[in-house]
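K.L.:
need coordinates for the below:
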Amino acid sequence: MKKTLYLALGLLAASYINPAQAELSVGAGYPYGGLIGIQYTNVVNDDHLVSLSAGLVGAAISYEYILSKDSKHTLGVIAGSEVLTSEKGFAALNYHYYAQGALQAGWTFGASVGVRRTDEREYRSDILDIFGTEEVKSKALVGLHIGYRF
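P.N.:
Next up is the predicted model:
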C-alpha cells in the first residue's frame, strides 16, 4: 500500500499538476480504490489522464489514453491494492466510457481485466499450527466500475 501511494504521488508530480485541468470523481470499482472511493485526475496534453484514487478499502493509480476525438473512450492501466480481494496488489488494463466525454462532468462506466495478488490462509487441526499458514496467490481480476465526474 505504501509503495502504491509513493508511486502515485510521484506520477502526479511528474505530470505537472495543473489545477485548471484537474477533475474529481466518485465511484465504485478498482479505479476508485475498491468498494467506494474518490479519484483525483489530472489532464495532461488533452490526450492523457493520470489519476490517484483513495477508497474505503484501498488505493489505486491509473493512466488513461483518450482514444476517440469526442473523448468518450479511454484505454489505460491501473495498479493498486485493496483489502477485500487484492491485499498484495493488483494490476489491470482498464477501459472507460465517458458519457459526456473524458474532459467533461458526467457519468463514466468501464471494465478492468488483469491480475490480483491475495493472501490465503490454511488452517489445520494440528495443535502446533494454531494460526495456520499464509500463502500469496495470483488470481485473475475482472471488474466493472461506475463513477461520476464533477
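K.L.:
all helices of this protein, in order?
P.N.:
In the chain, the segments counted as helices under DSSP state H are 2-14.
K.L.:
most centrally placed residue in it?
P.N.:
Pro31 (2.9 Å; C-alpha atoms, centre = their mean).
K.L.:
contacts only, for that one.
P.N.:
By C-beta atoms under 8 Å, 6 or more residues apart in numbering, the contact set of Pro31 is 39, 51, 53, 60, 62, 78, 94, 96, 110, 112, 145, 147. Where C-beta positions appear, they are placed from N, C-alpha and C, glycine not excepted.
K.L.:
compare these and tell me which is most surrounded.
P.N.:
With neighbours defined as other C-beta atoms under 10 Å, the most crowded of the contacts of Pro31 is Ala60; it has 31 neighbours.
K.L.:
quick one on the thing from earlier: could I get the contacts of Pro31 as TSV with distance to Asn45 and pLDDT?
P.N.:
Shown next, in TSV, are those (distance: C-beta to C-beta, whole Å; pLDDT from 0 to 100):
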residue	distance to Asn45	pLDDT
Gln39	19	92
Ser51	15	91
Ser53	21	91
Ala60	22	91
Ser62	16	92
Ile78	20	94
Asn94	19	94
His96	18	94
Gly110	22	95
Ser112	24	94
His145	24	93
Gly147	23	94
